[in-house]
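In: Sequence first, then the predicted structure:
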Amino acid sequence: MAPKNQARDNREARERLRLYEARQGLHDRQRRRRRRDNLVGLAALVVVAALATGSQLAFAGSQPSGKASASASASASATTTPTPSASATASNTGDVPSKSIAKNSTWTGSITLNKDVKLGIELDGKKAPQATSVEIDLIRKQFYEGTTCHRLADTDGFKFLQCGSANGDGTGDAGFEYGPIENTPSDDVYDKGTIAIARSSSTSSQSTQFFIVYGDTTLDGSTGGYTVVGKVTSGLSELQSKITSKGISDASSDGTGAPKVATTITAATIKQDQ
C-alpha cells in the first residue's frame with residue numbers, strides 16, 4: 001500500500017476508534033440528563049380532543065412552555081418549566097463537523113432498520129447546511145450502525161420514531177453539540193416523512209439524535225422548533241407495518257416509550273446528488 005493511502009487509513013482508523021469510544025458512554029454529561037429529557041427534544045404538545053368530557057393534554061418531554069390549542073368545543077394549555085440539561089449550552093461545544101461538507105447540495109442515501117426495513121432518505125444541504133453536514137459526517141464514519149431507535153410516539157397528531165443516541169437509551173453523543181436551528185416549518189407541522197434533529201432545551205444542543213415523522217405531527221415552535229434536515233423518500237410503509245404499528249412498551253407520562261419491536265440501525269449510506 002502506498003504511504004499516502006496508509007496514512008489516510010490510519011487517520012480513518014483513529015476516527016472510528018474515537019466514535020466507538022463515544023458510543024460506549026464516555027460523555028458523562030449526557031448520562032446526567034433526566035430520562036424524560038431523552039426526547040425528540042420536543043416541547044409540550046397539546047392534543048385537543050373535542051369530547052364532552054373535555055380535553056386531553058399530551059407532553060413530549062421536558063421542554064419549555066407549550067402552545068395552547070383550541071376549538072369551538074374544547075381548549076387546553078399547559079406549561080412545563082424544565083431545568084436545562086447539564087449539556088445545554090448557548091454555543092457549540094466539541095468538534096462540530098464543518099457546515100461546508102454539505103456543499104449547498106442535495107444528498108441521497110438510505111437508513112436500514114433491523115436489516116429489512118430500508119428507508120430512502122434525502123438531506124437538504126441548501127436549507128439545513130449545518131445539520132446536513134453533521135449527518136453526512138456521522139453516516140460516512142458509520143456512527144449510526146449498531147445504534148438503536150429508542151423512542152416511539154404513536155398517538156393521533158404525534159407520530160415519530162427517535163433514533164441515534166450513542167448509548168441506545170436517549171443518552172450519549174459523538175462528543176459535540178451544535179446549532180443553529182435551521183429550516184423549521186412556519187406552521188409547526190412536521191409533515192409525514194420529515195427527518196428532523198432532536199435537541200434538549202438549548203438551541204445549540206443538537207447532536208446525533210434525529211427523529212423520523214411517520215404521520216403529520218404538530219410540535220410547539222415557541223422555543224425555536226426543530227431542524228428539518230430532510231425527508232424519507234421510500235420505505236415509510238414498511239416502517240409502519242413492521243415497527244411503529246406494533247406499539248409501545250412501558251409508555252411514559254407523555255405517551256411515548258420504547259417501540260415493542262426492538263429497532264436497530266443496521267446500515268446507513270449517503271452520497272451527493274450529481
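Out: Arrived safely.

In: make it CA atoms for all contacts and neighbour counts henceforth
Out: Fine.

In: Look up the closest residue to Lys126, ignoring the ones flanking it.
Out: Once flanking residues are discounted, Lys126 sits nearest to Asn104: 4.5 Å by CA to CA, 6 or more residues apart in numbering.

In: Run a quick neighbour tally on the one you found.
Out: Residues near Asn104, counting by other CA atoms under 10 Å, number 17.

In: Hmm, it is touching Leu123, no?
Out: No - with contact defined as CA atoms under 8 Å, Asn104 does not reach Leu123; the gap is 10.5 Å.

In: Would you map the strands across the stretch 151-274 of the chain?
Out: With DSSP state E, counting those that start in this stretch, the ranges of strands along the stretch 151-274 of the chain come out as 151-155, 158-163, 189-190, 194-197, 210-215, 217-218, 228-234, 248-249, 258-259, 265-272.

In: now those as TSV including mean pLDDT, mean neighbour count and distance to Gly179?
Out: Listed next are those as TSV, based on pLDDT from 0 to 100; neighbours: other CA atoms under 10 Å; distance: least, CA to CA, whole Å:
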stretch	mean pLDDT	mean neighbour count	distance to Gly179
strand 151-155	97	23	23
strand 158-163	98	26	19
strand 189-190	98	21	19
strand 194-197	98	26	10
strand 210-215	98	24	14
strand 217-218	97	19	22
strand 228-234	98	21	13
strand 248-249	94	18	31
strand 258-259	98	22	27
strand 265-272	98	18	22
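
In: May I see those arranged in a markdown table, with distance to Ala174 as well?
Out: Putting the strands of the stretch 151-274 of the chain into a markdown table (distance: least, CA to CA, whole Å) gives the following:
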| stretch | distance to Ala174 |
| --- | --- |
| strand 151-155 | 19 |
| strand 158-163 | 14 |
| strand 189-190 | 26 |
| strand 194-197 | 14 |
| strand 210-215 | 13 |
| strand 217-218 | 28 |
| strand 228-234 | 18 |
| strand 248-249 | 27 |
| strand 258-259 | 22 |
| strand 265-272 | 16 |
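
In: for those, which one sits closest to Ala131?
Out: Proximity to Ala131 (CA to CA) singles out strand 228-234 among those, at 6.2 Å.

In: could you check the angle strand 210-215 makes with that closest one?
Out: Orientation check (axes from the mean of the first three to the mean of the last three CA atoms, to 10 degrees): strand 228-234 against strand 210-215 gives 50 degrees.

In: and strand 228-234, what does it pack onto?
Out: In this structure, strand 228-234 packs against strand 117-124, strand 194-197, with contacts taken as 3 or more CA pairs under 8 Å, 6 or more residues apart in numbering; DSSP states H and E.

In: Would you mind extracting the C-alpha trace of it into CSV?
Out: Extracted C-alpha coordinates of strand 228-234, given in CSV (Å, rounded to 0.1, in the frame of the first residue of the first chain):
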residue,chain,number,x,y,z
VAL,A,228,-35.8,19.7,9.3
VAL,A,229,-32.8,18.1,7.8
GLY,A,230,-34.5,16.1,5.1
LYS,A,231,-37.2,13.6,4.3
VAL,A,232,-37.9,9.9,3.8
THR,A,233,-38.4,9.2,0.1
SER,A,234,-39.3,5.5,0.3
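
In: Who does that strand pair with, and is each partner parallel or antiparallel?
Out: strand 117-124 (antiparallel), strand 194-197 (antiparallel) (DSSP bridges).

In: okay if I get the ones you listed as CSV plus distance to Ala251?
Out: Formatted as CSV, those follow (distance: least, CA to CA, whole Å):
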stretch, distance to Ala251
strand 117-124, 24
strand 194-197, 22
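
In: Looking at those strands, spot the one closest to Phe143.
Out: It is, among the strands paired with strand 228-234 and with distance given as CA to CA, strand 194-197, at 15.6 Å.
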